[in-house]
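A.B. asks: Sequence plus predicted model, see below.
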Amino acid sequence: MLRGNLSVQPKPAPALTEAERHLRTIVAKAPVVFFALDEEGRFTLSEGRALQKLGLLPGQVVGQSVFHLYSNYPNLIRDVRRALAGEEFSCLTELADVGLCFETHWAPIRTKDGKPAGTIGVAVDISERSKDERARDQAETLYQSLVEQLSAVTYIAELGLEGNWRFVSPQIKKLLGYSPSEWLADSTSWIRHVHPDDHEVVKLAEEATLSGNSFRAEYRIFRRDGSMLWVDDSGSLVRGPDGQQLLHGVLLDITDQKQMQSRLEQTERMEAVGQLASGIAHDFNNLLTIIKGYSSLLLERNSEGRDGHAAKEIRQAADRAASLTHQLLAFSRKQTLQPRVFDLNTVVRGLEAMLRRLLTENVELAIETAPELGFVKADPTQMEQVLINLVVNARDAMPKGGRLTITTSGHAGRKELSESETIFASPYVALCVSDTGIGMDAATRARIFEPFFTTKEVGKGTGLGLATVYGIIKQSNGNIEVESEPGKGSMFRISLPRIEHEPAPSKKPMTVETPRHGTGTILLAEDEPLLRELGETILKQAGYKVLTAGSSDSLRTLIAEHPGEVDLLLTDVVMPNMSGPELVRIGRKRWPKIRVLFMSGYADDELQDLDPDAGFIQKPFTPAELTAKIAEVLAGRD
């Protein structure tokens, strides 16, 4: 920059000195423009290599007016007027249309008496530097914009549980409730916001980072309002300007993913327990069929006396055990349902009197059913069981009394559920049971549908009530949700797909006490030897001719070689090496008009393949129930 006042000098001698020639050589090669203007703004000097970028030669504009040459650059004209007024300053001169930028230093030329007589200046070409600076500014602006638009929090921090944070993005406000300035002011104590149980997780992640790995940790952190969320913290080490290793990281809220993962794990755990429960119940039902069958046969022979009394007690105990296995099968969604189309309001209103008897005097019952609810397809008897179980659960949650509300409602919209659940196409029907009881915490809510889980005292509950509800609803293609907080009661909401067509008239149930007698030939297929022996005994006493086999090979041989007709095939649904439906297909090839009666301890997937013209009886059953069902199938009523 040229500083100080420059007075008008006498014209130089025509001959150039060695120093002058050397100076002119430097000026000619320097990436600058040296110029001078008189008091009218006419160029008196114009030298320098940077003139080439302006398309000019040295001295080419001498004598011409700067106001005329650069009239389309108002900022430059303004700077010229400042300089001609006697001001000394530096500024940036940008010629945007030609992509040039100069850093210009102006100094006044004065007469001997100090009056302005022009100006002299040097303009340094900084076009490339300016472009780089603009590119850097644009990159910084773009980066800042991207950072601010991310949902995640970006940060730069020193390593260590008490490390200082150098930078944190504005998203920290949304994530944790602190402004960036608030967080940075107390950043060395950031670890106190992390759940105490997760401090070790963070420490181990930092130790791994120092060993050359990238930083990665998932932990719980508390927000300003005391609520807690899960974050995924990831980053890598970058050396800072001072040479210190700094962690450049990203904090991402993964609370929703963690909750979804927890629900999925809960669902998988319930499925595993359900598989175990169904297997136990299936085997137990086979044993109960034997116990009920032989105790019934004993009662037929001698219903009086001590032996008769013992047989009755055995059968009653078997009935209670059958009820228990029925609940296990309901939970595991393997029970045999008899779904039909019906109005849910009729179930609710039909049970009202019974429900009121279940409640204590200090519990108020309110029932609100929506008009024109529409229909659902489920097992009405099982839906009654669902409602009873939910009401009993609500009653027990209100030991000091309260209000129990049952509502039904129809919904035209889509029922959105988690990915692991069913998604209903619209419309659907909802049944809600809510109470004003003690409520539940999150840990209890997570386990309420598990079989044998109960918060009641020993002897006050089996822990199967809500498990049964869960299984019935799931098997009915429905969904059940629960909302509850300690001290704020609970609400169970059941959703079932709505059916548009009218329900068909229901059949009257048949009640039998003693075995029915009949005639005909029955092929009995049962892999359990004790059950096969019991079945053969019952059927022969009822007057039937019985063919029996216990393995798939012997059954195939019997079907192929038996010379006469067979009136009925009585078969278990699930057997080793060959299923019941497969056996029916083989039998029908030999006897096209054969009647079929399936029996099973649970509704296995095989039941989806059952012949619609076949009958079905669920284990455990009594001799009277079996013979009545056989008579029904043979008569063509099923």
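C.D. replies: Looks like it arrived, so ask away. Residues are numbered from 1 along each chain as shown.

A.B. asks: Could you list the low-pLDDT ranges of the stretch 451-600 of the chain?
C.D. replies: For the stretch 451-600 of the chain, the stretches flagged by pLDDT under 70 are 451-464, 502-514.

A.B. asks: Do you have the strands of it handy? List them.
C.D. replies: Remark: strands assigned in the stretch 451-600 of the chain by DSSP state E, counting those that start in this stretch are 479-484, 490-499, 521-525, 545-549, 568-572, 595-600.

A.B. asks: Reformat these into JSON lines and put mean neighbour count next to each item.
C.D. replies: For the C-beta atoms, the positions are set from N, CA and C on the backbone; glycine is no exception. Output for the strands of the stretch 451-600 of the chain, formatted as JSON lines (neighbours: other Cβ atoms under 10 Å):
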{"stretch": "strand 479-484", "mean neighbour count": "18"}
{"stretch": "strand 490-499", "mean neighbour count": "21"}
{"stretch": "strand 521-525", "mean neighbour count": "23"}
{"stretch": "strand 545-549", "mean neighbour count": "17"}
{"stretch": "strand 568-572", "mean neighbour count": "24"}
{"stretch": "strand 595-600", "mean neighbour count": "22"}
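
A.B. asks: I'd like these laid out as CSV, including distance to Leu92.
C.D. replies: As requested, these are arranged in CSV below (distance: least, Cβ to Cβ, whole Å):
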stretch, distance to Leu92
strand 479-484, 65
strand 490-499, 69
strand 521-525, 99
strand 545-549, 103
strand 568-572, 94
strand 595-600, 90
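
A.B. asks: quick one, which of these is nearest to Glu561?
C.D. replies: Shortest distance between Glu561 and those, using Cβ to Cβ, is found for strand 545-549: 10.7 Å.

A.B. asks: Got the domain ranges for the protein?
C.D. replies: 6-130, 139-253, 260-331, 340-499, 521-634 (automatic domain parsing).

A.B. asks: lowest-confidence stretch among those domains?
C.D. replies: For these, mean pLDDT drops lowest on domain 260-331, to a mean of 71.

A.B. asks: Which one of the domains of the chain lies nearest to Pro515?
C.D. replies: Between these, domain 521-634 lies closest to Pro515; by Cβ to Cβ that is 4.3 Å.

A.B. asks: which element is the nearest residue to His248 once chain neighbours are set aside on?
C.D. replies: Counting by Cβ to Cβ, 6 or more residues apart in numbering, His248 lies nearest to Val238, which is 4.9 Å off, once chain neighbours are set aside. Here Val238 sits within strand 228-239, counting by DSSP states H and E.

A.B. asks: which neighbours does that strand have in its sheet, and in what orientation?
C.D. replies: Partner strands and pairing direction for strand 228-239 (DSSP bridges) are strand 215-222 (antiparallel), strand 245-253 (antiparallel).

A.B. asks: quick one on the thing from earlier: so can I have JSON lines of the domains of the chain showing distance to Pro515?
C.D. replies: Shown next, in JSON lines, are those (distance: least, Cβ to Cβ, whole Å):
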{"stretch": "domain 6-130", "distance to Pro515": "105"}
{"stretch": "domain 139-253", "distance to Pro515": "63"}
{"stretch": "domain 260-331", "distance to Pro515": "7"}
{"stretch": "domain 340-499", "distance to Pro515": "25"}
{"stretch": "domain 521-634", "distance to Pro515": "4"}
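
A.B. asks: surely the residue nearest to His248 meets Gly249?
C.D. replies: No: counting by Cβ atoms under 8 Å, Gly249 is not a contact partner of Val238; they are 10.1 Å apart.

A.B. asks: Relative to Met354, how far out is the residue nearest the centre of the chain?
C.D. replies: Nearest residue to the geometric centre of the chain (Cα atoms, centre = their mean): Met260, 3.8 Å. Taking Cβ to Cβ, to the nearest Å as the measure, Met260 falls 39 Å from Met354.

A.B. asks: ok, now Arg315?
C.D. replies: Distance from Arg315 to Met354, by Cβ to Cβ: 26 Å.

A.B. asks: One more: Asp527?
C.D. replies: 41 Å.

A.B. asks: So for these two, which residue has more residues nearby?
C.D. replies: Asp527 (18 against 12; other Cβ atoms under 10 Å).

A.B. asks: Got phi/psi on the closest residue to the more buried one other than its chain neighbours?
C.D. replies: Nearest non-adjacent residue to Asp527, counting by Cβ to Cβ, 6+ apart: Met575, 4.6 Å away. Backbone torsions of Met575, given as degrees, to the nearest 10, read phi -140, psi 160.

A.B. asks: What count of nearby residues applies to Met575?
C.D. replies: For Met575, the count of nearby residues is 20 (other Cβ under 10 Å).

A.B. asks: for it, what are its contacts?
C.D. replies: 525-527, 552, 583 (Cβ atoms under 8 Å, 6 or more residues apart in numbering).

A.B. asks: cool, and Val66?
C.D. replies: By Cβ under 8 Å, 6+ apart, the contact list for Val66 reads 37, 41-43, 77, 80.

A.B. asks: let's go with 6 Å and repeat that
C.D. replies: By Cβ atoms under 6 Å, 6 or more residues apart in numbering, Val66 lies in contact with 37, 41, 80.

A.B. asks: So the first one belongs to a strand, correct?
C.D. replies: Yes: the assignment for Leu37 by DSSP: H, G, I helix; E, B strand; the rest coil puts it in a strand.

A.B. asks: just use 25 as the starting number from now, easier for me
C.D. replies: Let's use 25 as the start, then, which means that last one is Leu61.

A.B. asks: For it, give me its contacts.
C.D. replies: Contacts here follow Cβ under 6 Å, 6+ apart; on that basis Leu61 touches 90, 142-143.

A.B. asks: and with 10 Å instead?
C.D. replies: 67-70, 89-91, 104, 107-108, 130, 133, 141-145 (Cβ atoms under 10 Å, 6 or more residues apart in numbering).
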